[in-house]
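> need coordinates for the following:
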Amino acid sequence: MRQQLNEALEQCGFFLRGGFHPDPADDVPPLPNGQRAATILLVGSVGARMWQVFQAERPACPDPLDAWTERKLGAMAKQFGAHAVFPFDRPYYPFQRWVKKTGTCFKSPLRIEIHPVYGLWHATRGALLFSERLDLPKTEESQHPCKACVGMPCLKACPVGVFSAKGLDIDLCAGHLAGEDGEDCMTNGCLARRACPVGKSYQLLPEQAAFHMQALRQYHAEITRVF
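Now for the predicted structure:
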């Protein structure tokens, strides 16, 4: 099944980014029949591959990427006897914690996960929950890429100093993106993220970066309304 699943994911520009056998503390939701999931596989995207497939099939709806992802992974879940859940489901699931448990990424100075090969140019698109205890994909041991980094250029690249030892200043970031000085970030992607030397060949296309930056600005607006 693993090979067939990998082939199906690859056709959509996804990749299998690891998995684990959950316990109750992982807050993995039950399967539709009420049974506990015995295996969770995380599905992600890297660079521009998924974006190119999505653009060719882009649906006309308010949240096209979410809708497309849900349709694609939902069909795969049905094909392989799994149940799909997504980062945009509400209430939100702890996807960042799940990714950390796969042992494939490390926490970067920007407070987002960095991959030893893909750098900051990867994302989690969903998870496939199985009732069976499956063999997990092998993960290669690797070193935290930031430990060998000289000067931490990511922390110096933000023009308004959004990142600090205290964490990410969301309000400062939102204000910068809303102004004229934030046009570079909005058009080409976060300057701090682009300054990272790891995985440069997987950097997002400009139109892809702009799409995600618009989504980030919308998220900032939603956070502001809630709090």
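> so who does the residue nearest the centre of the chain touch?
For the chain, the residue sitting closest to the mean C-alpha position, by C-alpha atoms, centre = their mean, is A123 at 2.2 Å. Contacts for A123 (C-beta atoms under 8 Å, 6 or more residues apart in numbering) come out as 44-45. Every C-beta, even on glycine, is put in place using the N, C-alpha and C of the backbone.
> low-confidence regions, the protein specifically.
220-227 (pLDDT under 70).
> show me where it has its strands.
With DSSP state E as the criterion, the chain has strands at 14-20, 39-46, 83-85, 106-107, 113-114, 122-130, 163-164, 167-168.
> direction included, what does the first one pair up with?
Strand 14-20 has its sheet partners listed here by DSSP bridges as strand 39-46 (antiparallel).
> and the contacts of the strand it pairs with?
Against strand 39-46 from outside (C-beta under 8 Å, 6+ apart): 5, 9, 13-22, 26, 28, 51, 73, 82, 95, 98-99, 102, 118, 121-130, 132-134, 136-137, 202.
> just the buried residues of these.
Among the contacts of strand 39-46, those classed as buried by 16 or more other C-beta atoms under 10 Å are 5, 9, 13-20, 22, 28, 51, 73, 82, 95, 98-99, 102, 118, 121-130, 134, 202.
> distance of M186 relative to F163?
In this view, M186 and F163 are 18 Å apart by C-beta to C-beta, to the nearest Å.
> of these two, who's got more company?
F163 (22 against 18; other C-beta atoms under 10 Å).
> what about the more buried one, distance to P62?
31 Å.
> how about M1?
35 Å.
> then K156?
37 Å.
> of the two, who's got more company?
Each of K156 and P62 has its neighbours counted (other C-beta under 10 Å); K156 has more, 13 against 7.
> for the more buried one, which non-adjacent residue is spatially closest?
Using C-beta to C-beta, 6 or more residues apart in numbering and skipping the chain neighbours, the partner closest in space to K156 is A195 (7.3 Å).
> quick one, phi/psi of that neighbour?
phi -80, psi -20 (degrees, to the nearest 10).
> how many other residues sit next to it?
17.
> ok, the one 10 residues further on next?
Counted by other C-beta under 10 Å, the residues lying close to L205 total 15.
> now do the end-to-end distance for stretch 78-88.
Using C-alpha to C-alpha, to the nearest Å, the end-to-end distance of stretch 78-88 comes to 19 Å.
> report the buried residues of stretch 21-36.
In stretch 21-36, counting by 16+ other C-beta under 10 Å, buried: 22, 28-29.
> start to end distance for stretch 191-206?
12 Å.
> that should have said stretch 115-122, apologies.
Terminal-residue distance, stretch 115-122 (C-alpha to C-alpha): 8 Å.
> now do stretch 144-155
17 Å.
> in that stretch, what counts as buried?
In stretch 144-155, counting by 16+ other C-beta under 10 Å, buried: 145-146, 149, 154-155.
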